[in-house]
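Colleague: Compute the structure for the input listed below.
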Amino acid sequence: MGQTLILDPKSYVMKTIVPCKKIFLSIMVTAFFITTTSSLDAQLSGSANGLVFKNPTLLTASTTDLKKGAVYLFTNVATGINAKVSIDDLVNGASVKKIDDNSGGLGYLDAFQPEVQIGGRGESYALFSIKLIDATTGTPVTLQSVQATSLDIDGNLTLKEFADINMSGGTAAYMGTTLEILLKSLPIINTLFNEYRADNILGVEHDGIDTSGKGVMYTVSNTAVSSFSVKYGATSTSTSNSSRQFSLYMKGFQYPSQITLPLNLLSFTAGLNNDKTGLKWTTSAEKNVSHFTIEKSYDGKNFTDIATVFAFGNTSETDKKEYSFADNITNTKSNIIYYRLRCVDIDEKYTYSSVRIIRLGTETSTAKVMAYPNPFINELRVTLPQQWQSKELRMELYNGNGQLVKAKVIPAASQTETISTSELGRGFYIINITSGIDKLQYKVVKN
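Modeller: A predicted model of the protein is given here:
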């Protein structure tokens, strides 16, 4: 049998912060569980109080230190267990300045705390893999239960940090109820599992590594774990080479009281019809929901309230409620408009929907599609013809060799849909879009 981690948090350095006035509600994340593992199930005695990362030793040549391909050994991360940590990739100019920064009482001494320098404009990150091995034999070790908490995912007006934990499935949860991050469940290509990514959304800086700011941390838990990976980086709207401090704490936290979700937001779409944007959304399982505030932006960052739609308030899981609002955009001068919903309960707590995008000047009655920017870097936006909006679509992205590298099924399409492409290499791609029996293609290039 594998070893069970008893999650018993130790004392740590606390830092006082000014509490955020805006309160977000937790979003439950779909759970996936590992049913098999290829690693040898280690026969270990005793128990471990989580995983401890201290005093790494470089295993590869000195010229690889802090470079792609460098491998570090952390000894005694748990009883009888070592960990090999590799820098697997440095994307878009990112670099690692320190592999484990414990200076000045920063964060947790027992955490894995790399310092990553951002590469510039756009999304850049460092990819680390962590493999658990037997301290004596060096063979892979599988633990029955592991949890990892990423701390202090903060940012500022032009730079937003993100933390991605790939434990081949499992579950993910927010640590707090006053949130400054948005947690996403992302499918892992060619597997049945998901990884989890949290992006900072408020742009508020926290000093050092804030061990008390639960609004900027989240936890991933899984069973039968022998290895996993983390991406640490940021998305910047300006040229930035700032160094950012990250922390992965694996000794457990005391979770806050469970909060009941205010509703299930089943869909939210935005379609363009002549001089109006048609916003539609569907909910179920509303509980003490007060209203929806529709927010609008012309730059994707600064949003203003444009309307309020009152909610039904309390509904069951099977009782679907549909809402709509038409925004008159006759005098709009911007080519792109961003919309999002703020879902507010009777206690004035709220959570945000995903952002929907409308592109002006592209509407046509014929079946045409436009993908932009072209060339693209970290994301590709696809504007659809009017007759395809609100319908189920399948988007497929093929590389120059004709291999399918990304697929996305959209139950109810908006006028403009976004595909994340940060993991794709440079080159030519073809995007295929299918709506029923209709198909369209578009050629794009990634820089």
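Colleague: same for the helix or strand where residue 148 lies, what does it pack against?
Modeller: Assessed by DSSP states H and E, residue 148 sits inside strand 143-151. In terms of contacts (3 or more CB pairs under 8 Å, 6 or more residues apart in numbering; DSSP states H and E), strand 143-151 is packed against strand 3-4, strand 159-166, strand 218-225, strand 227-236, strand 247-249. Heads up, the C-betas are built off the backbone N, CA and C, glycines and all.
Colleague: Compute the inter-axis angle for that strand and strand 227-236.
Modeller: Interaxial angle, strand 143-151 versus strand 227-236 (axes from the mean of the first three to the mean of the last three CA atoms, to 10 degrees): 10 degrees.
Colleague: Tell me where the protein is predicted with low confidence.
Modeller: For the chain, residues meeting the criterion pLDDT under 70 lie at 1-49, 104-105, 252-262, 361-368.
Colleague: mind giving me the domain split of it?
Modeller: 3-249, 264-359, 370-446 (automatic domain parsing).
Colleague: Endpoints of the second one, how far apart?
Modeller: Translated: domain 264-359. End-to-end distance of domain 264-359 (CA to CA, to the nearest Å): 27 Å.
Colleague: Paired strands for the strand holding residue 148, with orientation please.
Modeller: Sheet pairing for strand 143-151, assigned by DSSP bridges, gives strand 3-4 (parallel), strand 218-225 (antiparallel), strand 247-249 (antiparallel).
Colleague: Would you mind pulling up the elements that the helix or strand following the first one packs against?
Modeller: Think strand 3-4. Later in the chain than strand 3-4, the nearest helix or strand by DSSP H and E is strand 57-58. For strand 57-58, the elements it packs on are strand 71-78, judged by 3+ CB pairs under 8 Å, 6+ apart.
Colleague: which other helices and strands contact the strand it packs on?
Modeller: strand 57-58, strand 81-91.
Colleague: quick one: buried residues of the strand holding residue 148?
Modeller: If you call a residue buried by 16 or more other CB atoms under 10 Å, then strand 143-151 has these buried ones: 143, 145-151.
Colleague: now do stretch 165-176
Modeller: Of all the residues in stretch 165-176, those buried under the rule 16+ other CB under 10 Å are 165-176.
Colleague: my read: residue 167 touches residue 222, true?
Modeller: Yes. At 4.4 Å, residue 167 counts as touching residue 222 under the criterion of CB atoms under 8 Å.
Colleague: hmm, back to that, possible to save the helices and strands packed on strand 71-78 as JSON lines with mean neighbour count and distance to residue 158?
Modeller: As requested, the helices and strands packed on strand 71-78 are exported to JSON lines (neighbours: other CB atoms under 10 Å; distance: least, CB to CB, whole Å):
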{"stretch": "strand 57-58", "mean neighbour count": "12", "distance to residue 158": "34"}
{"stretch": "strand 81-91", "mean neighbour count": "19", "distance to residue 158": "19"}
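Colleague: Looking at the ones you listed, which is nearest to residue 139?
Modeller: Among the helices and strands packed on strand 71-78, strand 81-91 comes nearest to residue 139, with 10.9 Å by CB to CB.
Colleague: So what are the sheet partners of the closest one and their directions?
Modeller: strand 71-78 (antiparallel), strand 122-134 (antiparallel).
Colleague: Compare those strands and report which one is nearest to residue 440.
Modeller: So among these, strand 122-134 is nearest, using CB to CB, at 27.4 Å.
Colleague: so what's the one residue sitting closest to the centre of the chain up against?
Modeller: Centrality entry for the chain: nearest residue to the mean C-alpha point is residue 197, 2.4 Å, by CA atoms, centre = their mean. Applying CB atoms under 8 Å, 6 or more residues apart in numbering to residue 197 gives the contacts 162-165, 183-184, 186, 231.
Colleague: Each with direction, which strands does the helix or strand containing it pair with?
Modeller: Element membership of residue 197, judged by DSSP H and E, is strand 194-200. Within its sheet, and counting by DSSP bridges, strand 194-200 is paired with strand 159-166 (antiparallel), strand 181-187 (antiparallel).
Colleague: quick revisit: wait, which of the strands paired with strand 143-151 is closest to residue 430?
Modeller: Nearest of those (CB to CB): strand 218-225, 34.2 Å.
Colleague: follow-up on the earlier one: which of the buried residues of stretch 165-176 sits closest to residue 127?
Modeller: For the buried residues of stretch 165-176, the nearest to residue 127 is residue 166 (9.3 Å; CB to CB).
Colleague: and the nearest residue to that closest one once chain neighbours are set aside, what is it in contact with?
Modeller: Among residues not flanking residue 166 along the chain, residue 195 sits closest, at 3.8 Å (CB to CB, 6 or more residues apart in numbering). For residue 195, the contacting residues are 164-168, 185-186, 188, by CB under 8 Å, 6+ apart.
Colleague: who are the neighbours in contact with the spatially closest residue to residue 376 that is not a sequence neighbour?
Modeller: Excluding the flanking residues, the one nearest residue 376 by CB to CB, 6+ apart is residue 446, at 5.7 Å. Listed by CB under 8 Å, 6+ apart, the contact partners of residue 446 are 375-377, 421, 424-427, 429.
Colleague: which of those are buried?
Modeller: Buried, going by 16+ other CB under 10 Å: 376-377, 421, 424, 429, out of the contacts of residue 446.
Colleague: Can you mark which positions in the strand or helix carrying residue 283 are buried?
Modeller: Secondary structure assignment for residue 283, by DSSP H and E: strand 276-284. Across strand 276-284, burial judged by 16+ other CB under 10 Å covers 277-283.
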